[in-house]
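Enquirer: generate a structure from the sequence data that follows.
(4 chains)
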There are 2 protein chains.
Amino acid sequence: MLGAALARCAACEIRDQTFCSALKYDELGRLQSIVSQFRVAPGQLLFQEGDEAGNVFNVLSGVVKLYKFLPDGRRQITGFLFAGDFLGFAAGGILSYSAEAVSEIVVCRFVRRQLYRLFDEFPKLESRLLGIATDELAAAQDQMLLLGRKTATEKIASFLISLARRMKIETEPNSTVPLPMPRGDIADYLGLTVETLSRTLGKLARDGLITLPGVYRVTLLRPDDLQEIAEGF
Amino acid sequence: MLGAALARCAACEIRDQTFCSALKYDELGRLQSIVSQFRVAPGQLLFQEGDEAGNVFNVLSGVVKLYKFLPDGRRQITGFLFAGDFLGFAAGGILSYSAEAVSEIVVCRFVRRQLYRLFDEFPKLESRLLGIATDELAAAQDQMLLLGRKTATEKIASFLISLARRMKIETEPNSTVPLPMPRGDIADYLGLTVETLSRTLGKLARDGLITLPGVYRVTLLRPDDLQEIAEGF
DNA sequence: CGTGGCTTTGAATTACATCAAACCTTGTGG
DNA sequence: CCACAAGGTTTGATGTAATTCAAAGCCACG
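Expert: Next up, the predicted model:
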């Protein structure tokens, strides 16, 4: 991480997408006093599997990936995080996954103990965090269904649809969605190889469901059909 | 569910394994006043995907499975729950998965709004629930790694080891672990077919890692080797 | 002692992985 | 400004782990 910068919570553009919005405007000072802001270059780690869970983060901009390894190098990406997302949940104070910047990112960093100490003063913060954890649990179950039971085509359709949703792009015909991560990351998120991913994207394009205007962009020609495929029809 | 029965929280044998232990002994009365106890037969639903999240539960005894379906009947079991486990987390007040008794079970049922109302009075309850959600999130990530990247053999080894752990059975050579669910459930939990599951269990037995003294029992002959396989070595 | 539902075993198929090579990009240094 | 590495992506040929389809055991229960 490069140098820290002062956060200006009151002026935060994405406050209402984060747990910070659990606090009222005039309570933000307490948060601001324990937060610092960082810029992180692509490929840099925010933390690693096995680390003490010293810090937690809010993503202000850019993309973060969470992942776990097997000893021989097989990797499963368990989530991509975007602006407004929280990271740092850790069972037993030890992180069981790694977090790495995919693009250049800006994050707000909280010392976990300081943030958790604020819970006494503002229980709404903890409620909000429980709500976030609950949402993530639901998303994790969706991903288990995807990994365990969907075909390559269904996995990719699901990914494109949910990416569009996460990026708040209207899924009307011909809307274009950025793919802000390389093929290897998408493959490791979907439990596929890059070759299968590439071939299956090609097939979706040949079938007239998408076009690939560039490596890092997809146009959804028939999002409704894509959605049906994603859901397993 | 059959008739309700009065709960006796003060006498609860597994209180220290549940969120209830967040309350002191003399505070249990507040919990007891909002809980009722039920016996549920195998195959009966506690709730279903799409339901309003009206109730939450603690499992007192028996085994519960959580699962999601695709429209054509493909199923992913996202978790098995045992004595002491909590269920009912729901994003946005709607349940995104179903819960069904595998064996005969006994559960404590709370009306969700009543329990969540207690959070104001006892913030420790909410902290505990956040801790539980955090643990489940970590387990969910482990399961994603399993589903996305492990081989059939590794999946089954992982399942046997974690089942032994969940059931608090010492994993020393020759300890026997009950398999309290049918093959179809295990397969749908591991993202396999029953045939592959059956064949791979057979292979583990032929390789001298386990024996199958009955359909619903496994003896772990070499748990350490099994663990190594589970972790992907 | 059937009979229906699990479980196991067998043979054939296939979706996806692996191995291999060609094809871009993008950045860098001559 | 161009040549050319270097890394990511796509395409092709082949291999295989797991699925599918099928049938035979095996209980457990009425």
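
Enquirer: remind me which helix or strand the residue in chain A positioned nearest to DNA strand C belongs to.
Expert: Residue nearest to DNA strand C within chain A: A:T196 (3.1 Å; C-beta to the nearest atom of the strand). (C-beta placed from N, C-alpha, C; glycine too.) Using DSSP states H and E, A:T196 falls within helix A:194-206.

Enquirer: now that helix: buried residues?
Expert: For helix A:194-206, the neighbour count (16 or more other C-beta atoms under 10 Å in any protein chain shown) marks A:L197, A:T200, A:L201, A:L204 as buried.

Enquirer: name the helices or strands packed onto the helix or strand following it?
Expert: Helices and strands here follow DSSP H and E; after helix A:194-206, the next one along the chain is strand A:210-214. Helices and strands touching strand A:210-214, as assessed by 3 or more C-beta pairs under 8 Å, 6 or more residues apart in numbering or on different chains; DSSP states H and E, comprise helix A:194-206, strand A:217-220.

Enquirer: closest to A:I229 out of these?
Expert: helix A:194-206 (8.6 Å; C-beta to C-beta).

Enquirer: wait, does that closest one contact DNA strand D?
Expert: Yes: judged by C-beta under 7 Å from any atom of the strand, helix A:194-206 comes into contact with DNA strand D at A:V194, A:E195, A:L197, A:S198, A:R199, A:L201, A:G202.

Enquirer: low-confidence stretches in chain A?
Expert: A:1-3 (pLDDT under 70).

Enquirer: kindly reformat the residues of helix A:194-206 next to DNA strand D as TSV containing distance to A:L45.
Expert: Below are these laid out as TSV (distance: C-beta to C-beta, whole Å):
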residue	distance to A:L45
A:V194	22
A:E195	27
A:L197	24
A:S198	27
A:R199	31
A:L201	29
A:G202	33
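
Enquirer: picking that back up, the helix holding A:T196 vs strand A:210-214, what angle?
Expert: 120 degrees (axes from the mean of the first three to the mean of the last three C-alpha atoms, to 10 degrees).

Enquirer: does chain B sit close to helix A:194-206?
Expert: No: using C-beta under 8 Å from any C-beta of the partner chain, helix A:194-206 never reaches chain B; the gap is at least 12.7 Å.

Enquirer: interface residues of chain A facing DNA strand D?
Expert: Counting by C-beta under 7 Å from any atom of the strand, chain A sits next to DNA strand D at A:P182, A:R183, A:G184, A:V194, A:E195, A:L197, A:S198, A:R199, A:L201, A:G202, A:L212, A:V215.

Enquirer: distance to B:L6 added to these, as CSV?
Expert: Converted to CSV, those look like this (distance: C-beta to C-beta, whole Å):
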residue, distance to B:L6
A:P182, 59
A:R183, 59
A:G184, 57
A:V194, 59
A:E195, 61
A:L197, 56
A:S198, 61
A:R199, 61
A:L201, 59
A:G202, 63
A:L212, 63
A:V215, 64
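
Enquirer: any idea which residue sits dead centre in chain A?
Expert: A:L81 (1.6 Å; C-alpha atoms, centre = their mean).

Enquirer: contacts for stretch A:163-179?
Expert: Here stretch A:163-179 makes contact (C-beta atoms under 8 Å, 6 or more residues apart in numbering or on different chains) with A:80, A:82, A:160-161, A:186, A:213, A:215-223, A:227.

Enquirer: which strands and helices lie in contact with the helix holding A:T196?
Expert: So helix A:194-206, by 3+ C-beta pairs under 8 Å, 6+ apart, packs with helix A:152-166, helix A:183-190, strand A:210-214.

Enquirer: by how many degrees do that helix and helix A:152-166 diverge?
Expert: Using the same axes, to 10 degrees: helix A:194-206 against helix A:152-166 is 80 degrees.

Enquirer: now do the contacts for the residue of chain A closest to DNA strand C.
Expert: A:A152, A:A187.

Enquirer: identify, by residue count, the longest helix of chain A.
Expert: Secondary structure of chain A per DSSP state H: the longest helix is helix A:123-149.

Enquirer: wait, does that helix contact chain B?
Expert: Yes: residues of helix A:123-149 contacting chain B under C-beta under 8 Å from any C-beta: A:123, A:126-127, A:129-131, A:133-138, A:140-145, A:147-149.

Enquirer: which among these end up buried?
Expert: A:123, A:126-127, A:129-131, A:133-134, A:136-138, A:140-145, A:147-149.

Enquirer: tell me if stretch A:219-233 is near DNA strand C.
Expert: No: Stretch A:219-233 stays clear of DNA strand C (C-beta under 7 Å from any atom of the strand), getting no nearer than 11.9 Å.

Enquirer: what residues sit buried inside that stretch?
Expert: Buried, per 16+ other C-beta under 10 Å, within stretch A:219-233: A:T219, A:L220, A:L221, A:P223, A:D225, A:L226, A:Q227, A:I229, A:A230, A:G232.

Enquirer: okay, that stretch in CSV with CA atoms only?
Expert: The C-alpha coordinates for stretch A:219-233 follow below in CSV (Å, rounded to 0.1, in the frame of the first residue of the first chain):
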residue,chain,number,x,y,z
THR,A,219,-22.3,-6.8,-24.9
LEU,A,220,-25.4,-8.6,-23.8
LEU,A,221,-27.5,-8.9,-26.9
ARG,A,222,-30.3,-10.9,-25.3
PRO,A,223,-30.0,-10.5,-21.6
ASP,A,224,-33.4,-12.1,-20.9
ASP,A,225,-32.3,-15.3,-22.7
LEU,A,226,-29.0,-15.2,-20.9
GLN,A,227,-30.8,-14.9,-17.6
GLU,A,228,-32.9,-18.0,-18.4
ILE,A,229,-29.8,-19.9,-19.2
ALA,A,230,-28.2,-18.7,-15.9
GLU,A,231,-31.1,-20.0,-13.9
GLY,A,232,-30.9,-23.4,-15.5
PHE,A,233,-33.8,-23.5,-17.9
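
Enquirer: wait, which of the helices and strands packed on strand A:210-214 is closest to A:A4?
Expert: strand A:217-220 (33.8 Å).

Enquirer: coming back round to it: of the buried residues of helix A:194-206, closest to chain B?
Expert: A:L197 (12.9 Å; C-beta to the nearest C-beta).

Enquirer: for that closest one, give its distance to A:V215.
Expert: Distance, A:L197 to A:V215, by C-beta to C-beta, to the nearest Å: 12 Å.

Enquirer: need the residues touching each of the two.
Expert: A:R183.

Enquirer: name the SS class of the spatially closest residue to A:F233 that is not a sequence neighbour, please.
Expert: Counting by C-beta to C-beta, 6 or more residues apart in numbering or on different chains, B:P71 is the residue found nearest to A:F233 once chain neighbours are left out, at 5.6 Å. State at B:P71, reduced to three classes by DSSP: H, G, I helix; E, B strand; the rest coil: coil.

Enquirer: so what's B:P71 up against?
Expert: Taking C-beta under 8 Å, 6+ apart as the test, what B:P71 contacts is A:E231, A:G232, A:F233.

Enquirer: ok, now with 10 Å
Expert: Neighbouring residues of B:P71 by C-beta atoms under 10 Å, 6 or more residues apart in numbering or on different chains: A:E228, A:E231, A:G232, A:F233.

Enquirer: okay, and the beta partners of A:F47?
Expert: Taking DSSP bridges as the rule, A:F47 bridges to A:A99.

Enquirer: doesn't A:A90 make contact with it?
Expert: Yes: A:F47 is within contact range of A:A90, at 9.0 Å (criterion: C-beta atoms under 10 Å).
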